[in-house]
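K.L.:
Sequence first, predicted model second:
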Amino acid sequence: MAVPETGLSRIRHDPDAFEGFYRRHVEAVTRFVARRVDDPHTAADVTADVFLAVIDSAHTYRPGSGPEIAWLFGIARNVLASERRRAGRELRANRRIVGRRLLDSDDIDRLVERIDAEGAGRRTYAALADLPEGVRAVLELIAVDGLTVTETAAALGIRPVTARVRLHRARGVLRDVAALQSPAIAYAKE
């Protein structure tokens, strides 16, 4: 046989019991919150959150520990602390984007098009990432930075013949990547 709920534990399942509790304490909770929050919307949200928390934790109230209002203010303090943490996280996130323009739908569409158009380049970079550092460095210095093989060798502290061998290896990888991309390009043109 189930033990009947008494006191505050009833408010979890009995709307009338919750309404009575709410009416007894809403003014006190609102004052408590209003002393600590200066935005009316936040004050209303926090007050509502306090009573939602009460429903979840009503079973923890022990009459011998003190009056309902003291227990309720303890819950309100916890809800306020959670709200301050949430607001702090939001503030830090907003500071990160200050000065940055948020993207509108046209910006997003242009970026999606650009990302799609650069797919082959991303695949090339991915293939280059698999190259040993020395081979990748030779290719970047020659193809991106415009150095000659001799200048590249000097920049890397290697012999020119070593630079030529590494360049040959890198070109082989690029040819393989281009061969893999060609069927996709031919298919897209059809």
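P.N.:
Structure's in. What do you need?

K.L.:
Quick check, residue 33 in contact with residue 48.
P.N.:
No: the pair residue 33 and residue 48 fails to qualify as a contact (C-beta atoms under 8 Å) at a distance of 9.9 Å. For every residue, glycine as well, the C-beta is placed using N, CA and C.

K.L.:
More neighbours: those two, which one.
P.N.:
residue 33 (22 against 13; other C-beta atoms under 10 Å).

K.L.:
got a pLDDT number for residue 130?
P.N.:
Residue 130 is assigned a predicted lDDT (pLDDT) of 77.

K.L.:
meant to ask about residue 145, not that
P.N.:
With respect to pLDDT, residue 145 scores 73.

K.L.:
check which helix or strand covers residue 107.
P.N.:
Assigned by DSSP states H and E, residue 107 falls within helix 105-117.

K.L.:
CA atoms of that helix as CSV?
P.N.:
As requested, the backbone C-alpha atoms of helix 105-117 are provided in CSV (Å, rounded to 0.1, in the frame of the first residue of the first chain):
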residue,chain,number,x,y,z
SER,A,105,21.3,34.1,-45.5
ASP,A,106,23.0,35.6,-48.6
ASP,A,107,26.4,35.4,-46.9
ILE,A,108,25.7,31.8,-46.0
ASP,A,109,24.6,30.9,-49.5
ARG,A,110,27.8,32.5,-50.9
LEU,A,111,30.0,30.6,-48.5
VAL,A,112,28.2,27.3,-49.3
GLU,A,113,28.9,27.9,-53.0
ARG,A,114,32.6,28.8,-52.2
ILE,A,115,33.0,25.7,-50.0
ASP,A,116,31.5,23.5,-52.7
ALA,A,117,33.8,25.1,-55.4
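
K.L.:
Point out where this protein drops to low pLDDT.
P.N.:
1-7, 99-101, 120-121, 124-125, 181-190 (pLDDT under 70).

K.L.:
Centre-most residue in it?
P.N.:
Nearest to the mean C-alpha position of the chain, counting by C-alpha atoms, centre = their mean, stands residue 93 at 9.6 Å.

K.L.:
just to confirm, which helix or strand has that residue in it?
P.N.:
For residue 93, the host element (DSSP H and E) is helix 68-97.

K.L.:
contacting residues around the residue nearest to residue 57 when sequence neighbours are not counted?
P.N.:
Counting by C-beta to C-beta, 6 or more residues apart in numbering, residue 75 is the residue found nearest to residue 57 once chain neighbours are left out, at 6.5 Å. With contacts defined as C-beta atoms under 8 Å, 6 or more residues apart in numbering, residue 75 is in contact with 50, 53, 54, 57.
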